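In: coords please:
(2 chains)
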Protein chains: 2
Amino acid sequence: MHINPTATSAAQSSACHEPTVVMLPPTPELHKVCLPPPLTTVEKLRHRLSEIFFPDDPLHRFKGQKPLRRLFLGLQFFFPVFQWGPNYTLRLLKSDFVSGVTIASLAIPQGISYAKLANLPPIIGLYSSFVPPLVYSILGSSRHLAVGPVSIASLVMGTMLSEAVSYTNEPILYLQLAFTATFFAGVFQASLGFLRLGFVIDFLSKATLIGFMAGAAVIVALQQLKGLFGISHFTNKMQLIPVLSSVFHHKNEWSWQTIVFGVSFLVLLLTTRQISMRKPKLFWISAAAPLTSVVLSTILVVIFKSKLHNIQTFPGMSNDKIGHLPKGLNPPSANMLSFSGTHLALAIKTGILTGMLSLTEGIAVGRTFASLKNYQVDGNKEMMAIGLMNMAGSCTSCFVTTGSFSRSAVNYNAGAQTVVSNIIMATAVCITLLFLMPLFHYTPNLILAAIIITAVIGLIDYQAAYKLWKVDKLDCMACLCSFIGVLFISVPIGLAIAVGISVFKILLHVTRPNTIALGNIPGTQIYQNLSRYAEAARVPSFLILAVEAPIYFANSTYLQERIMRWIREEEEWLASNNSGEIKYVILDMTAVTAIDTSGLDMISELRKLLDQRSLKLVLANPVSSVMEKLHKSKILDSFGLEGLYLTVGEAVADISSSWKT
Amino acid sequence: MHINPTATSAAQSSACHEPTVVMLPPTPELHKVCLPPPLTTVEKLRHRLSEIFFPDDPLHRFKGQKPLRRLFLGLQFFFPVFQWGPNYTLRLLKSDFVSGVTIASLAIPQGISYAKLANLPPIIGLYSSFVPPLVYSILGSSRHLAVGPVSIASLVMGTMLSEAVSYTNEPILYLQLAFTATFFAGVFQASLGFLRLGFVIDFLSKATLIGFMAGAAVIVALQQLKGLFGISHFTNKMQLIPVLSSVFHHKNEWSWQTIVFGVSFLVLLLTTRQISMRKPKLFWISAAAPLTSVVLSTILVVIFKSKLHNIQTFPGMSNDKIGHLPKGLNPPSANMLSFSGTHLALAIKTGILTGMLSLTEGIAVGRTFASLKNYQVDGNKEMMAIGLMNMAGSCTSCFVTTGSFSRSAVNYNAGAQTVVSNIIMATAVCITLLFLMPLFHYTPNLILAAIIITAVIGLIDYQAAYKLWKVDKLDCMACLCSFIGVLFISVPIGLAIAVGISVFKILLHVTRPNTIALGNIPGTQIYQNLSRYAEAARVPSFLILAVEAPIYFANSTYLQERIMRWIREEEEWLASNNSGEIKYVILDMTAVTAIDTSGLDMISELRKLLDQRSLKLVLANPVSSVMEKLHKSKILDSFGLEGLYLTVGEAVADISSSWKT
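Out: Numbers count the residues shown, from 1 in each chain, chains lettered A, B, ... in the order given. So this is what the prediction gives:
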C-alpha cells in the first residue's frame, strides 16, 4: 500500500494506523501523511449511511441493556407517554389544566378561522382541534407543542385546491380533496420520519421561510378585507393584483356597519397583541381576546339583529350546504379519501407542500421550546408523530394540522408542563362540539377576518429580514425572492424559487470557491491569508495557495485556471520587483474536504502543467477522504518524495533545508 | 469595530489590517484573529462577480498598453487568426496540408454517416463539413480541433426531433426543425460564452459523460443493425427494448448478402481501428479506412449491380425527396428557420441539449490537445466561436457541428500545426460537393452503418468506468445512472438524472459534512484526526472538533446534533475511563469556508446549549468571510476573550496557561 515503492519501510514508524504512505524524513521533525484506516466498501457504506440517516445515533440508549429493559426503553422510544406518564403528578396536572383551557380559548376561534382560510366549513376547524391533539399526546415528544390547524398550511391548501375546484359549486369534491391532501400530507410526513429523511425540510432555510411567510401574510391579510368590508364577490386567486382589484372593484359592496364593527375588533385584537408582546406575563390578554371577541360580536349581532342585517354570518356552520356532516363529534371520513380521478395529482401535490410547510413549522416550534427548557426533541420521531396524526385526522374529518407557533407560545407562557395540556384542550373543544355549536350561528364573518389578520400580521418579521440584509446579502435575496414570488406568482412557485436560490448559493460556493495566498507569520509555523494578516510574510521561492472548497467536476476547470492565474500574477509581481522566482507551488488542502474523479484529473493535470514550467507542485494536509482517493487513483505516485507533507510549515521547512544540503 | 469593548485599544498591534478584532494576549506568542480588510458592498459585489465571470482575468494583457497596441491586441483577442497569421510559413502549410487532406478523407464518410444518424439527408453532412470549419478557422483558438458533425449531437438531434416529427412523412418540416435547432444551439453556445457562463457545461461531469456516451453508443450501434441487416421496417424510438424488438421481429427482412457484405466491412474497419490504437504512428490506416471502404463498397455495388439488387443504397443523396436542395455548394437556409408554430419548444429544447453536448465535446477536445502542446484555449472564447459557427451553419444548410474527438486526434497525429488544416479539409469537401457527388449514388447503406458502429464503439470506455468504481463509488453511480437512463428511458432524461445525481452528491456532502475529533501530535503545534494518526493524543479537558464543510441552512441542524453527540460520547468515554471531564469544546473552523444566517444561529444556539452544561465553546481560525459574518451578526460579542483564537494550538496553550495562573 505504499505509494512510493522506493521508500524503505525502515522509514515507517508506528505513528500511522496501517496502511501507511511513506515519506522519507530528511529532517527529524517531519511527520508523515497517513491514509485513513482501511475499511471495506461495505464498512464505508455502512458508516456513511449511518452518518446520513442516524446522525444522532438514536439507538445508543439501547446499547448494553437487558432485554426487558430494552422492551421498556423501546416503548418509551415509540410512545413518549411512557416517559412522563409514570411520574405525572397532580401538581403537573394543575399547570397543564390552566394552559390547556387557555389554548382552547384560542384554538376554537382560530380553528374556525383557519378552516375558513382553507375554504372549508368552519366546523372542520373544530374537528381538527380535537382528534389530532389526542393522537399527538400519545406519540409526540415535545412538551409544549399546541397542536391544531395553522395559518400557513391552511392558506396553501385553500389556494392550491380552490384554483382547480370551486368550493362553492362543488363543496363535496372540495372536501374530499382536502381530506385526501391531508392524508397525503400525513403519509409524506410520516415517511420522511420513518425513512429518516428529515433533512429534506432543512432545505426550507430560515431566510426562505421569512420571505415566504411575510408574502403569504400580506396576501391573506388583504384577502380578509372581503370579510372586514363585507364584500360578497371576491376572487379565488391568491396573487396580489387580483386580490387588490377585487377589493377596489367592488366598492359598492362595502358595508359601513361591517367596516366599523370589523375595524374596531381588529384594533382591539391588535392592541391586546401589542400588550402581550411588550409584557410576556400578560400573555393571557391576547390569549383570551379572540374568544372574547367572538362571544362579544355574536352577542352584539343577536341584540342588534334588525339593524345589522347586512352583516354576514357563518355559512356552513349549520351545514346546510355540506349536508351530511353530522353535528356532534368528528364523523369518520375515511370513505371520502379518493385515490383516483383527475384531481389525484393535485391532492398529492397539495399534500406534499402543506405537509412540508406544516412539518417545518411543527419541528421548528418544538425545537424552540425544547431548547428553552433544555430537553431534546427527536426530529424524525416528531415527523412520524405529526404524520400519523394527520393520517388519523384525514379519516376523522380533519384537515392538515401541526404545532402552531402562536398557540404553543401561549401554552408555554401559561405554564404547560406536559403534552396533557393538549388533552385538556381537546376536551374543551369536544364540549364545544357537543353542546355549544348553536351559539356560533350568529357569529359574524368579520370577526374571523379580524382574528386571521391579527394572526398573520405576526408572521411579517421585517426585523429579521433587515438582519439578513446586514449579515448575508444572498440569504436576503432568497428571502426577497420568496416574498415576491408568493406575492405575485403563486405559493408553490415562490417557494420553489427560494429553495432554488438557496441551493444555487451552495452550488455557487462550490463552483467558484475562494483561493487565497498564504504567508508565514514570523516566528511561528502558522500560515495565514496574506491579504488579511499584515504580519504574514511571503516565503521566497514558494507560492502557497489554500483552496477553500471540495474539488468537484463543477469547479475543477475553474480552479485550474485560477491557480494558473495566481502563478502568472505572482511571477509578474516577482519579475517587476526583481525578487527571484517561484520554484514550488504548495496547495494547502486542509479545506478541500472532498474530491471527485474530475478533481483528481485536475490535480494530475496541474502537476503536469507546472512540471512543464519547471515548477514543483506540493500538497499539504489532504484530509482522509481526499488522501484515500489520491492514493487509489495512483496520482500520488507521480508526486514523489517532496510532493506531500502534513502541514505547510513542514513542507517549507523540509524543502528549504534540502536546498542547503 | 471591537468585539469586546472592555479590551483596551493598547492591546492592538498593527499586525491586522484595519478593522481589528481585539484579543488581549495573556501569553506573548498569541496572535489575533483579524477581520478581512473592510470593503463596501459594491466592492465586494464587484470582486465576487469578477471571480464568477472573469476568473482568468482575460483583459490582463491589455493593462498598461498604448491605444494602438490595444487595438491590435483586441483584434488578436477576437480573431485569433491575427495571432498566428503573421508568422505563418510554407513549412507550417505543408504540415497543415497533409493533416487537412487526411481529416477530409475521414470527414466525408463520417459527415454522411452522422447526417444519417440525425435522420437528415446525407448531403447535409457534407455541407456541415464545409461552412463551419471555415468560420471556426477565423474565430477559434484551438490549433488542433477538427470541426464538423459529431456522433453524440447528431444522435441526440435525430432522437429528439424524430419522436415528434416523422422524417419520412414530413421531410421538409423535419429539415426546418433541424436547422432551427442548430440555430438555437448556436445562440445558446454563443451566449454562454458571451455571458461568461461557461461553467454551466462543467455540470456535465466526466463521470456523467462516460455513462451517457456508452449508453448512447450501445443504442446507436444496435440501431445500425437496420442498415447492417438490411431491415426496412424499423422503429423510430431510441430505447433499448423497442430497438432490440425491431431487430428480432423483422427476421424475414434480414438479407444475407447485406449481412455478409456489412459484417466484412465492419470487421475491416474495427481491425484498422485496433491497429491504429496499438501503434499511434499508423493512425493513417484507420483514418483512410472509412473512405476506402466507401469507395470499395460503391465499386462492388456498381459491378455486381444485378446480383446485389436487394442492398439498399442512399435515399436522399439524389435529393428526390427533399427536392429543393440544389447540388453544388451549401444553399442558403435562413428562410427555413422557423420561430413560431407548435414545434418551437421542441426546437429550442433540442438546440439547447445538442448545443450543450457538442460544446462539452468541443471544449474538452480543444483543452486536451492544447494541454498536450502547452498552449491555452480560452473556454468562453471557444464557446462564442462554436456558437457563431453553428449560427452561420444554420443559415447555410448545416446541422450542429463542433470539434470531433476522433478527427481531432487524427489531425493532431497527422501533424496539424494551425487551424489551416480545417481550411484544407473544407476545400476538399468543397471539391467533393462540386464534382464527386454523383459517385456516391451507389454507396450502400450498410457501409455507413459499419462506419457509425466503428465510431460509436470507441465511445464505450469501460476502463474509465472501472476506474470510477475503484476511486469514487458515487461518481460511478452517476455514470451508471446516465448509462441506464439513456438506454431505457431517453437521452435527455438520462442526462438529467446523471446531472441530478452529481448535484445531489455536492448537496449531500454539504448536508452531511464530516466532523472529526482532533488530537495533538506531541512536541508540535499540529492537531490532527485522532482516528487517522495514532500518534495524535487527546488533550485532557478539551474536545477539539473540526467541521469539514461550510455551515449552511442545509446542515446546521445536523451539525448541532452531531456536535452534541460528539460531546455526549466523549463524556461517556471519559466517565467510563475515569479520565476527568471536558471543560472546553474547540471548533476548528479552518474548513468551514462559508456560513449563512442559519449557520450563525446554530453557532449561537450551540454556545447557549454548552453554557447550560458549563462547557465553553471556542472557535479557532475562522476564514475571512465567516469571521466577517460572525462579527456583523454580533455573535462574537457573546464569546468573550477566551472564545476566539487563530489556531487550535494557541487556544489550547492559552487556556491551559490561564488555568495555571
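In: my read is A:Leu436 is in a helix, agree?
Out: Yes. A:Leu436 forms part of a helix when assessed by DSSP: H, G, I helix; E, B strand; the rest coil.
In: ok, now which ones touch it?
Out: By C-beta atoms under 8 Å, 6 or more residues apart in numbering or on different chains, the contact set of A:Leu436 is empty. Where you see a C-beta, it was placed from the backbone N, CA and C, and this is true even at glycine.
In: what's the separation between it and B:Val243?
Out: According to C-beta to C-beta, to the nearest Å, A:Leu436 stands 70 Å off from B:Val243.
In: so the residue nearest to the spatial centre of chain A: helix, strand or coil?
Out: In chain A, the centroid-proximal residue (C-alpha atoms, centre = their mean) is A:Asp202; its distance is 3.7 Å. Here A:Asp202 is helix, with the state taken from three-state DSSP.
In: ok, it touching B:Thr511?
Out: Yes. A:Asp202 is in contact with B:Thr511 according to C-beta atoms under 8 Å; the separation is 7.2 Å.
In: chain center to stretch A:391-398, what's the gap?
Out: 25 Å (C-alpha atoms, centre = their mean, to the nearest Å).
In: now do that stretch, average pLDDT.
Out: For stretch A:391-398, mean pLDDT rounds to 93.
In: now stretch A:338-356
Out: pLDDT averaged over stretch A:338-356 gives 89.
In: pull the CA atoms of that stretch into PDB?
Out: Presented in PDB, the C-alpha positions along stretch A:338-356 are these (Å, rounded to 0.1, in the frame of the first residue of the first chain):
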ATOM      1  CA  SER A 338     -60.300   9.300  -3.100                       C
ATOM      2  CA  PHE A 339     -57.200   7.800  -4.700                       C
ATOM      3  CA  SER A 340     -58.200   8.000  -8.300                       C
ATOM      4  CA  GLY A 341     -59.700  10.600 -10.700                       C
ATOM      5  CA  THR A 342     -58.400  13.600 -12.400                       C
ATOM      6  CA  HIS A 343     -57.600  15.500  -9.100                       C
ATOM      7  CA  LEU A 344     -55.300  12.900  -7.600                       C
ATOM      8  CA  ALA A 345     -52.100  14.700  -8.700                       C
ATOM      9  CA  LEU A 346     -53.400  17.900  -7.200                       C
ATOM     10  CA  ALA A 347     -54.200  16.200  -3.900                       C
ATOM     11  CA  ILE A 348     -50.700  14.700  -3.800                       C
ATOM     12  CA  LYS A 349     -49.000  18.000  -4.700                       C
ATOM     13  CA  THR A 350     -51.100  19.900  -2.100                       C
ATOM     14  CA  GLY A 351     -50.400  17.200   0.500                       C
ATOM     15  CA  ILE A 352     -46.700  17.300   0.000                       C
ATOM     16  CA  LEU A 353     -46.500  21.100   0.100                       C
ATOM     17  CA  THR A 354     -48.700  21.600   3.100                       C
ATOM     18  CA  GLY A 355     -47.100  18.600   4.700                       C
ATOM     19  CA  MET A 356     -43.700  20.000   4.200                       C
END
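In: that one and chain B, any residue contact?
Out: No. Residues of stretch A:338-356 contacting chain B under C-beta under 8 Å from any C-beta of the partner chain: none, with a closest distance of 14.5 Å.
In: check the offset of that stretch from the chain's centre.
Out: 22 Å.
In: show me what it is in contact with.
Out: By C-beta under 8 Å, 6+ apart, stretch A:338-356 touches A:153, A:156-157, A:160-161, A:164-165, A:173, A:176-177, A:180-189, A:200-201, A:204, A:387, A:390, A:400, A:491-492, A:495.
In: distance of the residue of the stretch 201-350 of chain A found nearest chain B from A:Ala185?
Out: Residue of the stretch 201-350 of chain A nearest chain B, by C-beta to the nearest C-beta: A:Ser205 (3.2 Å). Remark: distance between A:Ser205 and A:Ala185 (C-beta to C-beta) = 21 Å.
In: pretty sure A:Gly519 is in a strand, no?
Out: Yes. Under three-state DSSP, A:Gly519 falls within a strand.
In: just give the nearest non-adjacent residue to it, would you?
Out: A:Ala536 (3.5 Å; C-beta to C-beta, 6 or more residues apart in numbering or on different chains).
In: re earlier: check contacts around the residue nearest to the centre of chain A.
Out: A:Asp202 touches B:Thr511, B:Phe553, B:Ala554, B:Asn555, B:Ser556, B:Thr557, B:Tyr558, counting by C-beta under 8 Å, 6+ apart.
In: wait, which of those is closest to A:Gly64?
Out: B:Tyr558 (26.3 Å; C-beta to C-beta).
In: need the overlap of contacts for A:Asp202 and B:Thr511.
Out: Common contacts of A:Asp202 and B:Thr511 (C-beta under 8 Å, 6+ apart): B:Ala554, B:Asn555, B:Tyr558.
In: give me the pLDDT for the residue of the stretch 201-350 of chain A closest to chain B.
Out: 79.
In: likewise A:Ser9?
Out: 36.
In: list phi and psi for A:Cys395.
Out: phi -90, psi 0 (degrees, to the nearest 10).
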